[in-house]
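Enquirer: Here is a sequence together with a model predicted from it:
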Amino acid sequence: MTLRLSGIRHAYGGRDVIRGVDLHVRPGEILCLLGPSGDGKTTLLRLVAGLEPLQAGRIELGGVVVGEPGREVPPEQRHVGFVFQDYALFPHLTVAGNVAFGLSRLPRGERGRAVAEALARVGLDAYAEAYPHMLSGGQQQRVAVARALAPRPQVVLLDEAFASLDARLREQVRDDTLHVLQSAGIPAMVVTHDAEEAMFLADRIALMRQGRVVQLGPPEELYLAPIDPFVATFLGEVNRLPALVRAGRAETAIGAVPLRPGTGLAEGPAELLLRPEGLRILAEGGTPAEVQACRLLGATTLVHLAVADGTGGTLHLHARLPPGVHLSRGQGVTVAPDPERAFVFPPAAP
């Protein structure tokens, strides 16, 4: 089963919120719509689900057109599962009752088996007779996922489904959700504004800005080969350094990196964006730097560094190193950029 969106445009009160989106979600694929709030991600989900009339473009499920201007298949006939941000559980129904809500067309016996199967898939079969208020936030989210998957939809949509959970619980619940979606084997479209969450869940990411898809590809492609500074900074932290393009290299205060093929930058001023893990701290050679702080953050060590910018000023840079590295404040080190984690773009507008 596939989901295809072609030429989708949408506006509210004359304000364009989706400006020509084309997407194809492959069988069993998890596609994350990533981007700032208000950039049309949730609107896309609502259009796919049939909760809003399509103004322009086409939506196909399994090769069948379910949405065109003036030709809309009703939401209940689209076979789309939807997990809302607030879960939208019915407080007066048990967990089993919530999961069974979309199964009214099934015979009673078959409905019971479908509910039991859905709850077992999310590990909540022991809570069938509990009510939503008796569950933790993570358990409520899993009930919402079970309800979305119980009717065996053609596609499942998740709208900021982990946003209301605290950080520690969010990690566990999204891990559980990833395994459930993968085992279900149906295409999924997930909306989030959290880049780490998108990289964790997605087979591919569609990064949106102002109603358009800026870059579409696997998480590693967006992280390691961003097409512009917006993509680079949205996918993770970067150090910004003034650069000068000359003879096929970008020269900076901490060293030069070769331009990537196809960069197409003319010689002259530029800007180099460097991932913190791409700032190498060397035993010898490189550019002198001074350690301002060194903090263990669990999986990595974050080092704050001061480097002369070559014009009488100071650059404040971050480096991420393996855990266990300890550097003292005021300690002198040398640094150099890793070309694989460095991206060169035209200089930022003043």
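Expert: Right, received. Where do you want to start?
Enquirer: Give the bridge partners for residue 252, please.
Expert: When assigned by DSSP bridges, residue 252 has beta-bridge partners residue 255.
Enquirer: what's around it, how many residues?
Expert: 25 (other C-beta atoms under 10 Å). Backbone N, C-alpha and C define where each C-beta goes, glycine included.
Enquirer: thought it was touching residue 337?
Expert: Yes: taking contacts as C-beta atoms under 8 Å, residue 252 lies within contact range of residue 337: 7.0 Å.
Enquirer: Common neighbours of these two, please.
Expert: Common neighbours of residue 252 and residue 337 (criterion: C-beta atoms under 8 Å, 6 or more residues apart in numbering): residue 272.
Enquirer: and residue 5, that one's in a helix?
Expert: No: counting by DSSP: H, G, I helix; E, B strand; the rest coil, residue 5 falls outside a helix, being strand.
Enquirer: what about it, how many residues close to it?
Expert: Neighbourhood size, residue 5 [other C-beta under 10 Å]: 23.
Enquirer: Double-check it against residue 18; I have them as touching.
Expert: No: using C-beta under 8 Å, residue 5 is not in contact with residue 18, being 9.5 Å away.
Enquirer: okay, and the common contacts of the two?
Expert: Residues touching both residue 5 and residue 18 (C-beta under 8 Å, 6+ apart) are residue 44.
Enquirer: On the pLDDT front, check residue 283 for me.
Expert: Note for residue 283: predicted pLDDT of 69.
Enquirer: Name whatever forms a beta bridge with the residue nearest to residue 84 when sequence neighbours are not counted.
Expert: Using C-beta to C-beta, 6 or more residues apart in numbering and skipping the chain neighbours, the partner closest in space to residue 84 is residue 159 (5.8 Å). For residue 159, the beta-bridge partners under DSSP bridges are residue 191.
Enquirer: Quick one: residues contacting residue 159.
Expert: 42, 45, 82, 83, 84, 85, 191.
Enquirer: Run through the stretch 1-150 of the chain and note the low-pLDDT ranges.
Expert: For the stretch 1-150 of the chain, no stretch is flagged by pLDDT under 70.
Enquirer: quick one: the strands in it?
Expert: Taking DSSP state E, counting those that start in this stretch to define them, one finds strands in the stretch 1-150 of the chain at 3-12, 15-25, 30-34, 56-61, 64-68, 71-72, 80-83.
Enquirer: I'd like those as CSV, with distance to residue 263 appended.
Expert: Below are the strands of the stretch 1-150 of the chain laid out as CSV (distance: least, C-beta to C-beta, whole Å):
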stretch, distance to residue 263
strand 3-12, 31
strand 15-25, 26
strand 30-34, 24
strand 56-61, 33
strand 64-68, 40
strand 71-72, 45
strand 80-83, 41
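Enquirer: Next, count neighbours for residue 38.
Expert: 12.
Enquirer: give me phi/psi at it?
Expert: Per-residue torsions, residue 38: phi 80, psi 10 (degrees, to the nearest 10).
Enquirer: could you list every residue that touches it?
Expert: residue 17 are the contacts of residue 38 under C-beta under 8 Å, 6+ apart.
Enquirer: try 10 Å this time
Expert: Counting by C-beta atoms under 10 Å, 6 or more residues apart in numbering, residue 38 makes contact with 17, 193, 210, 211.
Enquirer: Test my guess that the first one contacts residue 35.
Expert: No: look at residue 17 against residue 35 with C-beta atoms under 10 Å: they stay out of range, at 11.7 Å.
Enquirer: Residues that sit against both of those two, list them.
Expert: Applying C-beta under 10 Å, 6+ apart, one finds that residue 17 and residue 35 are jointly contacted by 41, 210, 211.
Enquirer: Quick check: residue 243 vs residue 339, distance?
Expert: Residue 243 sits 13 Å away from residue 339, going by C-beta to C-beta, to the nearest Å.
Enquirer: Now the common contact residues for those two.
Expert: The contact sets of residue 243 and residue 339 overlap at 249, 250, 256, 257 (C-beta under 10 Å, 6+ apart).
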